[in-house]
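Q: Model the following, please.
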Amino acid sequence: MSTLVFLKLLAIFVVVALGWVVGKARWLGENDPARVLANAAYYIFVPALLFRTTARIDLAAMPWGTVVAFFVPVLALLVGVYAWERRANRGGALPTAAPSVRAISATFGNSVQVGIPFAAALFGEAGLAIHVALVSLHALTLLTVLTALVELDLARERRTLGHSNAHLLTTLGRTMRNTIIHPVVLPVLAGLAWNFAGVPLPAIADEILATLAQAVVPLCLVLIGMSLAYYGIQGAARGAVIVTALKLLVLPAMVLAVARLGFGLAGLPLAVVVMMAALPVGSNALIFSQRYAALEAEATAAIVFSTVAFVLTASFWLAVLAWLA
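A: Have a look, this model is predicted:
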């Protein structure tokens, strides 16, 4: 592992540790400030990042074959984990949003804080260009699908509990509205609409959005540490280990098999998509779990466990790619 990547990982752990100290010392109060920070990220900073990214993306220059080769197995695992967990939770032992939280934890990688320096250090400018193309659609694709799934589950729960007597079509309409009028999906759709209009962002608007977007990374890292302090990992370690194994071992294996055998990728594109899949769990998993008040401790532990284990698993996947080459 290169010095640049190691230093990035070290910086991540230091900022997370700072958040843990803040949470443990209760410097921000006793009334769950971690949830307040998560809401700030979800309603202010992440939407700014998503809108600016989708409004500026060059859709014509996207390597669509490589993009599809990556997202097909990722979405397959996402849906598979969701379906398995939903079936296992038929008794209602876990919150309704738990299947979606575990699905995002098993598939959503830390593609920015770890992924960008990792791709730049290992693959150079050409590899970084492919990685950034995947990153630009990463949140758009996974968060939109998961938002639709969790909102449908919550609507179904309300009907089951008798909190809603609406007709099925009315329920579906309300679910669709909740999915679209959402702090993740709506800015993505608005950004794409702006992109298709072919109008460049005004300089002042771009500067405002860029300033807000810069807060996402440090805020999320501090939030991970604070969540560890407030929620701990008691009772969450087993689920976090399983999610970590899915993210660091199963997902890269699926992407490797599908991209190489199904889409014929080789060389640099294959290496980039496999290592993108092999990244540790991203902080969006925690923000998502905070949003729906489900498995916050497990999502936090999965982020920490997978980031530590990534030092070993990244070396393993690089060795596999070298052997295939």
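Q: Show the pLDDT at P117.
A: pLDDT recorded at P117 is 68.
Q: The one 3 residues further on now?
A: The predicted structure scores A120 at 73 on the pLDDT scale.
Q: residues touching the closest residue to L248 other than its chain neighbours, list them.
A: Distances taken as CB to CB, 6 or more residues apart in numbering place T313 nearest to L248, at 4.3 Å, with adjacent residues excluded. Glycine gets a C-beta too; all of them are placed from N, C-alpha and C. By CB atoms under 8 Å, 6 or more residues apart in numbering, T313 lies in contact with L248, L249, P252, A278.
Q: P99: neighbouring residues, count only.
A: Neighbour count for P99, taken as other CB atoms under 10 Å: 25.
Q: and it, what element?
A: helix 98-107 (DSSP states H and E).
Q: again with L209
A: helix 203-213.
Q: For that helix, name the packing helices and strands.
A: helix 46-56 (3 or more CB pairs under 8 Å, 6 or more residues apart in numbering; DSSP states H and E).
Q: List the contacts of the helix it packs on.
A: Contacts with helix 46-56, where a contact means CB under 8 Å, 6+ apart, come from 136, 139-140, 183-184, 186-188, 190-192, 194-195, 201, 206, 208-210, 212-213, 216, 284, 287.
Q: and the residues you listed, which are buried?
A: The neighbour-count test (16 or more other CB atoms under 10 Å) marks 136, 139-140, 183-184, 187-188, 191-192, 194-195, 201, 209, 212-213, 216, 284, 287 as buried among the contacts of helix 46-56.
Q: Tell me how far V243 lies from V304.
A: The span separating V243 from V304 equals 11 Å under the rule CB to CB, to the nearest Å.
Q: Could you check which of those two has the larger neighbour count?
A: V243 (29 against 22).
Q: Surely the more buried one is in contact with T107?
A: No: using CB atoms under 8 Å, V243 is not in contact with T107; the gap is 9.7 Å.
Q: wait, doesn't A139 sit right on N284?
A: Yes: counting by CB under 8 Å, A139 does reach N284; the two are 6.6 Å apart.
Q: wait, what's in contact with the closest residue to F305 other than its chain neighbours?
A: Counting by CB to CB, 6+ apart, F305 lies nearest to T244, which is 4.6 Å off, once chain neighbours are set aside. Residues near T244 by CB under 8 Å, 6+ apart: V281, A302, F305, S306, A309.
Q: can I get those in a markdown table with secondary structure?
A: Formatted as a markdown table, these follow (DSSP: H, G, I helix; E, B strand; the rest coil):
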| residue | secondary structure |
| --- | --- |
| V281 | strand |
| A302 | helix |
| F305 | helix |
| S306 | helix |
| A309 | helix |
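Q: Neighbour count added to those residues, as CSV?
A: Below are the contacts of T244 laid out as CSV (neighbours: other CB atoms under 10 Å):
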residue, neighbour count
V281, 31
A302, 31
F305, 21
S306, 28
A309, 17
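Q: pLDDT and distance to T147 added to the residues you listed, as a markdown table?
A: Listed next are those as a markdown table, based on pLDDT from 0 to 100; distance: CB to CB, whole Å:
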| residue | pLDDT | distance to T147 |
| --- | --- | --- |
| V281 | 92 | 18 |
| A302 | 92 | 19 |
| F305 | 89 | 25 |
| S306 | 89 | 22 |
| A309 | 89 | 28 |
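Q: pretty sure A40 is in a strand, no?
A: No: per three-state DSSP, A40 lies outside any strand segment and is helix.
Q: Excluding residues flanking it in the chain, which one is nearest it?
A: Closest to A40 by CB to CB, 6+ apart is L219, at 7.1 Å.
Q: Nearest residue to the most centrally placed residue in the chain in space, ignoring adjacent ones along the chain?
A: What sits nearest the mean C-alpha location of the chain, by CA atoms, centre = their mean, is F108, with 3.5 Å. In space, and not counting its chain neighbours, F108 is closest to G282: 4.7 Å by CB to CB, 6+ apart.
Q: A210 and R156, how far apart?
A: Plainly put, A210 is 39 Å away from R156 if you go by CB to CB.
Q: same thing with L219?
A: 32 Å.
Q: Could you check which of the two is surrounded by more residues?
A: Using other CB under 10 Å as the criterion, L219 and R156 rank with L219 on top: 20 against 14.
Q: my guess is that one meets A38, correct?
A: No: if you go by CB under 8 Å, L219 and A38 don't touch, sitting 9.0 Å apart.
Q: Appreciated, that's everything.
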